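In: After the sequence you'll find the predicted model.
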Amino acid sequence: MFSYTKSLILFIGVLILTGISACQLNPRVPEPLETNYTATTQFSLPNGAKARLGKGTIQGIEYTADGTRIAVFSSIGIWLYDAEKLQELTLLTQYTDYIYSGSISQDGTKAASGTHKGNVHLWNTSTGELLFTLNEHKLMVTAVSFSPDGTILATGGYDGKLHLWNTATGEHLKGSQKHTHAILDISFSPDGQIHATATKGEKPKVGGTIYLWNVSTGETINTLKGHNGDVNGIDFSPDGKILASCSTDDTVRLWDTTTGKNLKTLSDHSSWVKSVRFSPDGETLASQSYGGRVLFSDVNTGELLRTLDDNLFHFGKGVCFTPDGVTITSANHTVVNFWDPSSGNLLRTLGGYSTRIESVDYSLDGLKIATASDDGKARIWDATTGRLLNILDEYTSRVKSVHFSPDSKILASGSEDRKVHLWDVETGRHIRPLIGHGGYVLSVRFSPNGRKIASGSWDKTVRIWDATTGEHLKTLPYSHFANHVRFTSNGQKIVVDSNDGTVNLWNVITGKHERTLVKYPGNGVSIAPNGRTIVTGGHNEVHLRPFGMLGFTKTLKGATGGWVVNVSFSPDNRTVASANKDGTVSLWDASTKELIANFAGHGSVVNQVCFSPDGQTIVSASQDGTVLLWDVPQK
């Protein structure tokens, strides 16, 4: 009797333990949440994507001649706005090529963008139709400009080549190989008979050159030299008699377009000058530095009239007057600002842009998405609508990593200020910094129970912190940069991916290194929720390895772009995703090794991917300044 009872109790115990184990190995996946994405997230989405967070990184701005529309040239395409309401009208994009330059015709009927791959895209702004793709440039296209009547498009590239195009037919009219260095800006005279090009200088202290060209003949009219650095921007006065130029030598120069004489040199900037524009009456010159500062100068006397401090954390990306001269508009990487030039008062702003996004994370309740950007901000988004909820901007340096606590109430972020920051997710309140690292904090992670935080750094350490008090608990010495840290499901160990390509297992309790899991180069690491497998990135492939000592490695092929940047497991352990250098995202069936999908939609490197808690969505964060949400194909 005793033996039977003992056996029965043992059998029941085994069943209970098996049930608990099964729950841990196959955690319950929540039901999908209903979504109602805002209109801004839906413009010109690539195939397979259902929403876009962010609008990319600003590269420049221009108004149409009547002032009714403003074009913002972003890393992902051309955003057109109603200039009065600042309402988005359309997004002109080819998805998979990073935009460096842009221009809109004065009548607003056409727009052009120059890309990193050397392509020029010419668009019909009314229909959104891509009219032509122009392919003469071999390197990135750094300057594009329409003639005043919109019939000619001039393009210049980092290859030093200048090309003129017929905008009606796409015909290549003429080109020039006279430039020995990259062309950084192009400007047409008001009558359209002359166009000027500005070039990069030689190193060291040999300045760039400005060329004046006859549009009809293609002959050089004049060559202007005097700057001691790259000539970043040029602009003709409304009467065409003066050309303004700005440079990395911190100066602005005014030139006589007939004689080529240097009329004035303005030295009021204290850093590189990015952009110059004349007021519509030609009496005032606005110039913008890389630090974002905008100066107003009297064209006749050279006197400094006013200074506007735009955003000193970001590079200036363009300045221009409204056609009526009532407003001055300036752009940095992330914001367009509208100013009263008389009073210097900021009138309104146009946001929604960001620089490269380094990290992305889904909250476990499925309601929020967090992003880390090198514009010095972390952002929290509504995952069901795409609406921006909070901007976390206590930083003075780039943000490298974000991770939600298991209860979705706290966000941890790591940044180049060598700190881990904790935030209240609902309010955006900064709770506290965790100070101790001696280098950039590259990765942060909450333990599964939310009681600890692990942070990996350039200082070659992993630090363990008490998530409630912020107390530093332990330092794990490392031999290389700790790029990514991941807790095991019981929270007692962490896996660390380093820049030497190895992946190592550490015991959080003892602080001891247990073993090396991966010994050859790769990028990124993710642990399956059931704890049985890890995935690491390889060259156009990912590798699945058993977490224990026994078993074989599976290689999943089909990624593109070279070395995989990052990897992630789905919540149900069945799907693996990779973030790729060519801007794509790859998905595989972890059991069959079948390539399920290759999503293409980013214009630059995808830095991170992660799944929603229900496994229905994958989000990708890119250096193009956007996050895309993709539907995971259901098997």
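Out: Arrived safely.

In: where do the strands sit along the stretch 1-150 of the chain?
Out: 49-53, 58-63, 69-74, 77-82, 87-92, 99-104, 110-115, 120-124, 130-134, 141-146 (DSSP state E, counting those that start in this stretch).

In: Dump the ones you listed into CSV; add mean pLDDT and mean neighbour count as well.
Out: Just so you know, the C-beta spots here come from the backbone N, C-alpha and C atoms, and that holds for glycine as well. Listed next are those as CSV, based on pLDDT from 0 to 100; neighbours: other C-beta atoms under 10 Å:
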stretch, mean pLDDT, mean neighbour count
strand 49-53, 97, 22
strand 58-63, 96, 24
strand 69-74, 98, 26
strand 77-82, 98, 22
strand 87-92, 96, 18
strand 99-104, 97, 26
strand 110-115, 98, 26
strand 120-124, 98, 22
strand 130-134, 97, 17
strand 141-146, 97, 26
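
In: now for those, which one comes closest to residue 408?
Out: Distance to residue 408, taken as C-beta to C-beta, is lowest for strand 49-53 among the strands of the stretch 1-150 of the chain, at 17.7 Å.

In: returning to what we had before: nearest to residue 437, out of the strands of the stretch 1-150 of the chain?
Out: Ranking the strands of the stretch 1-150 of the chain by proximity to residue 437 (C-beta to C-beta) places strand 49-53 first, at 28.6 Å.

In: now the closest one and strand 87-92, what's the angle there?
Out: 120 degrees (axes from the mean of the first three to the mean of the last three C-alpha atoms, to 10 degrees).

In: quick one: strands adjacent to strand 49-53?
Out: Sheet pairing here is set by DSSP bridges, and for strand 49-53 it gives strand 627-631 (antiparallel).

In: I'd like the average pLDDT over the partner strand.
Out: Strand 627-631 shows a mean pLDDT of 98.

In: List of residues touching it?
Out: The contact list for strand 627-631 (C-beta atoms under 8 Å, 6 or more residues apart in numbering) reads 45-46, 48-54, 357, 360, 369, 371, 381, 386, 585, 599, 601-602, 616-622.

In: buried subset of those residues?
Out: Neighbour counting by 16 or more other C-beta atoms under 10 Å classes 45-46, 48-49, 51-54, 357, 360, 369, 371, 381, 386, 585, 599, 601-602, 616-622 among those as buried.

In: pLDDT weak spots in the chain?
Out: Applying pLDDT under 70 to the chain flags the ranges 1-34, 204, 310-314, 395-396, 635.

In: Show me the helices in it, by range?
Out: In the chain, the segments counted as helices under DSSP state H are 2-25.

In: Show me how it divides into domains.
Out: 58-284, 374-515, 521-635 (automatic domain parsing).

In: Can I get the ones you listed in a markdown table including distance to residue 338?
Out: Output for these, formatted as a markdown table (distance: least, C-beta to C-beta, whole Å):
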| stretch | distance to residue 338 |
| --- | --- |
| domain 58-284 | 9 |
| domain 374-515 | 19 |
| domain 521-635 | 21 |
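
In: Any idea which of the strands of the stretch 1-150 of the chain gets closest to residue 434?
Out: Among those, the nearest to residue 434 by C-beta to C-beta is strand 49-53 (27.0 Å).

In: what's the closest residue to residue 583 other than its chain neighbours in contact with, if anything?
Out: Distances taken as C-beta to C-beta, 6 or more residues apart in numbering place residue 602 nearest to residue 583, at 3.6 Å, with adjacent residues excluded. Contacts here follow C-beta under 8 Å, 6+ apart; on that basis residue 602 touches 95, 96, 583, 584, 620, 622, 623, 624, 626, 628.

In: Dump those residues into CSV; add distance to residue 410 as well.
Out: Converted to CSV, those look like this (distance: C-beta to C-beta, whole Å):
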residue, distance to residue 410
95, 35
96, 36
583, 32
584, 33
620, 24
622, 26
623, 27
624, 29
626, 25
628, 26
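
In: List just the nearest of the residues you listed to residue 573.
Out: Closest to residue 573, out of all of the contacts of residue 602 and judged by C-beta to C-beta, is residue 620, at 20.3 Å.

In: In contact with the closest one, which residues?
Out: Residue 620 makes contacts with 360, 579, 585, 599, 601, 602, 606, 608, 609, 627, 628, 630, as judged by C-beta under 8 Å, 6+ apart.

In: swap the cut-off to 10 Å and go again
Out: Residue 620 makes contact with 49, 357, 360, 566, 568, 577-580, 583-585, 599, 601-602, 606-610, 626-630 under the criterion C-beta atoms under 10 Å, 6 or more residues apart in numbering.

In: Enumerate every residue touching the nearest residue to residue 117 once chain neighbours are set aside.
Out: Excluding the flanking residues, the one nearest residue 117 by C-beta to C-beta, 6+ apart is residue 97, at 5.1 Å. By C-beta under 10 Å, 6+ apart, residue 97 lies in contact with 75-77, 113-119, 121, 133, 140, 583, 602-604, 624.

In: Of all the strands of the stretch 1-150 of the chain, which one comes closest to residue 492?
Out: When the strands of the stretch 1-150 of the chain are compared (using C-beta to C-beta), the closest one is strand 49-53, at 34.7 Å.

In: Using CSV, write out every CA atom in that closest one.
Out: Taking Å, rounded to 0.1, in the frame of the first residue of the first chain, the C-alpha atoms of strand 49-53 are listed here in CSV:
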residue,chain,number,x,y,z
ALA,A,49,4.4,46.4,-44.5
LYS,A,50,1.3,47.6,-42.6
ALA,A,51,2.6,50.8,-41.0
ARG,A,52,5.6,53.1,-40.8
LEU,A,53,6.8,54.9,-37.7
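
In: What's opposite residue 297 in the beta bridge?
Out: The partner residues for residue 297, given DSSP bridges, come to residue 285, residue 304.

In: right, and residue 339 touches residue 347 too?
Out: Yes: if you go by C-beta atoms under 10 Å, residue 339 and residue 347 touch, sitting 6.3 Å apart.

In: who touches both of these two?
Out: 327, 328, 329.

In: Identify the residues contacting the closest residue to the first one other than its chain neighbours.
Out: Spatially, and ignoring its direct neighbours in sequence, residue 327 is nearest to residue 338 (5.3 Å; C-beta to C-beta, 6+ apart). Contacts for residue 338 (C-beta under 10 Å, 6+ apart) come out as 70, 83, 86, 322, 326-330, 345-350.

In: Next, the contact list for residue 538, please.
Out: Taking C-beta under 10 Å, 6+ apart, we find residue 538 in contact with 501, 518, 520-524, 555-557, 559, 563-564, 567, 578.

In: Likewise for residue 272?
Out: Going by C-beta under 10 Å, 6+ apart, the list of residues near residue 272 reads 229-230, 232, 246-251, 289-291, 315-316.

In: at 8 Å what do you get?
Out: 229, 232, 247, 248, 250, 289, 290.

In: which of those sit farthest apart?
Out: 229 and 289 (12.7 Å).

In: Those two: which has the busier surroundings?
Out: Taking other C-beta atoms under 10 Å, residue 229 and residue 289 do not tie; residue 289 has more neighbours (24 against 21).

In: partner residues bridging that one?
Out: Beta bridges link residue 289 to residue 273, judged by DSSP bridges.

In: same check, this time on residue 114
Out: Note on residue 114: beta-bridge partners by DSSP bridges are residue 101, residue 120.

In: Kindly report the same for residue 493.
Out: Going by DSSP bridges, residue 493 forms beta bridges with residue 507.

In: so who does it touch?
Out: Contacts of residue 493 (C-beta under 8 Å, 6+ apart): 487, 505, 506, 507, 508, 514.

In: Just the buried ones out of those, please.
Out: In those, the ones that pass as buried (16+ other C-beta under 10 Å) are 487, 505, 506, 508.

In: Quick one: those residues as CSV, columns for distance to residue 415 too.
Out: Putting the buried ones among the contacts of residue 493 into CSV (distance: C-beta to C-beta, whole Å) gives the following:
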residue, distance to residue 415
487, 21
505, 27
506, 23
508, 23
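
In: which pair in these spans the largest distance?
Out: Spanning the widest gap among these are 487 and 505, at 11.3 Å by C-beta to C-beta.

In: neighbours around residue 634, how many?
Out: For residue 634, the count of nearby residues is 7 (other C-beta under 10 Å).
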